[in-house]
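> Starting from these lines, generate the structure:
(one chain, ligands or ions: 1)
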Amino acid sequence: MSGSYLSSITILAMCSTCIGSEEYGHFAQVFDEMLDGYLENAAKGVRADYDPYSKTVCLLHEKWNRFDGGAPLVACGICRNDLSVDTEGRLFPCHRFVGLGKFCVGSVQEGVKTDRVREIYLDYQGVRLRTCGDCWARNLCSGPCPWHIANDDGTFDAPEIERCESTRLQMRRAMWLYAELRDRHTAFLAKVLGCKEDDLRPAGTQVSTANR
Ligand code: SF4
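Here you go, the predicted model:
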């Protein structure tokens, strides 16, 4: 049998072009307002249908309680446990990169081009070291999504300042929320984290470094 069974569709990279200062400002306002609602629900022991905070609260708890709370070299699975194939049989670091020809990392017929994968990692890590090295949130954020900072020519740029500010703001909200829940709604926090109340360490407790 021969012929073409799949056809290509065009997917536009919309994040960096469609979200600007106005939208980030609007997000900030909405997320601030949602904090009060989250605490009201926590007082009743109810989890909201849409909950943009619990995942970050869990992340904070995990980092706070782990001895090796650093960030991974690459937070997502590009080129490691993730590869996507387009309708021509070309391989890309993940589904988001499909259509960005300069990020092609091989083909179904020829396999993965490890040199190109190495280049992608080095380029990405270079941007991350220059951009994230001084950021207080680097071990929580773990760096930008590679696709968000990818250029059409196969290189990477620094992440947008507004996106980073939005990320840090969300981390600060989650930290505040974690402290509020721990002090006022301990049972609810334990439910969110999937642990026992006794397992929550009181405010001001430091992680032991004895086993490092
Ligand atoms: S917020 Fe921005 S600068 Fe900070 S770690 Fe994340 S991507 Fe890097």
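> Stretch 34-46 - what's its average pLDDT?
Across stretch 34-46, the average pLDDT comes to 93.
> just for the protein, where's the confidence low?
For the chain, applying pLDDT under 70 flags the ranges 1-4, 9-17, 67-70, 202-212.
> those strands in it, which residues are they?
84-85, 91-92, 106-107, 111-112 (DSSP state E).
> most tightly surrounded among the ones you listed?
strand 91-92 (a mean of 23; mean count of other CB atoms under 10 Å). C-beta here means a position set from N, CA and C on the backbone, and glycine is covered the same way.
> and of the strands of the chain, who's closest to residue 118?
strand 111-112 (10.8 Å; CB to CB).
> starting at the chain centroid, how far to that closest one?
Offset of strand 111-112 from its chain centre (CA atoms, centre = their mean, to the nearest Å): 27 Å.
> what pairs with that strand, and is each one parallel or antiparallel?
strand 106-107 (antiparallel) (DSSP bridges).
> So which residues make contact with the strand it pairs with?
Residues from elsewhere that reach strand 106-107 (CB atoms under 8 Å, 6 or more residues apart in numbering): 88, 89, 90, 91, 112, 113, 116.
> Any chance of a markdown table for these, columns distance to residue 192?
Putting the contacts of strand 106-107 into a markdown table (distance: CB to CB, whole Å) gives the following:
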| residue | distance to residue 192 |
| --- | --- |
| 88 | 45 |
| 89 | 44 |
| 90 | 42 |
| 91 | 39 |
| 112 | 40 |
| 113 | 43 |
| 116 | 42 |
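> which of the residues you listed count as buried?
Taking 16 or more other CB atoms under 10 Å as the criterion, what is buried in these is 90, 91, 116.
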